[in-house]
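Peer 1: Predicted model and sequence below, questions to follow.
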Amino acid sequence: MNRRIADNHGIGTTEPTATLDVDGSNSYYQLRLRASYTPTGSSDADRNVGDISWDDDYIYVKTTAGWRRAALSTG
């Protein structure tokens with residue numbers, strides 16, 4: 001199901017300042033991506049511009065130029 005949302009909506013706030021404004025009691029509870037997804041490469045056509053995914057080594061963002069990644073590190 002797809003829905004078009006015209007106004008700002010808040011989760012944990014009554015005064016949202018963005019299309020989706022999430023204010024959790026602790027910042028680490030605000031967003032959760034449960035399933036990992038590893039693009040096959042920067043030119044992987046799967047998904048849409050603006051999508052975010054992760055695996056054990058990287059976080060990925062789909063841009064107009066393709067998938068981009070940033071390495072995750074400990075420390």
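Peer 2: Yep, it's here. All of these numbers come straight from a predicted model, not from anything done at the bench. Residues are numbered from 1 along each chain as shown.
Peer 1: can you give me the end-to-end distance of stretch 61-73?
Peer 2: Using CA to CA, to the nearest Å, one end of stretch 61-73 lies 17 Å from the other.
Peer 1: do the same with stretch 39-59
Peer 2: Distance across stretch 39-59, first residue to last, is 10 Å (CA to CA).
Peer 1: Could you tell me how many residues sit around the residue nearest to D57 when sequence neighbours are not counted?
Peer 2: Spatial nearest neighbour of D57, excluding adjacent residues (CB to CB, 6 or more residues apart in numbering): L72 at 6.0 Å. Bear in mind the C-beta positions are built from the backbone N, C-alpha and C, glycine included. Per other CB atoms under 10 Å, the neighbour tally for L72 reads 11.
Peer 1: same question, S53
Peer 2: 19.
Peer 1: distance between the ends of stretch 44-51?
Peer 2: Across stretch 44-51, first to last residue, CA to CA, it's 13 Å.
Peer 1: what's near enough to touch the nearest residue to A71 once chain neighbours are set aside?
Peer 2: Spatial nearest neighbour of A71, excluding adjacent residues (CB to CB, 6+ apart): Y58 at 5.8 Å. Taking CB atoms under 8 Å, 6 or more residues apart in numbering, we find Y58 in contact with T38, R69, A70, A71, L72.
Peer 1: A18 too?
Peer 2: Here A18 is in contact with N8 (criterion: CB under 8 Å, 6+ apart).
Peer 1: where's it relative to I52, distance?
Peer 2: Look at A18 and I52: by CB to CB, to the nearest Å, they are 16 Å apart.
Peer 1: who does the least confident helix or strand in the chain by mean pLDDT touch, helix- and strand-wise?
Peer 2: Using mean pLDDT, DSSP states H and E, the weakest-scoring helix or strand in the chain turns out to be strand 20-22, at a mean of 85. For strand 20-22, the packing partners by 3 or more CB pairs under 8 Å, 6 or more residues apart in numbering; DSSP states H and E come out as strand 9-11.
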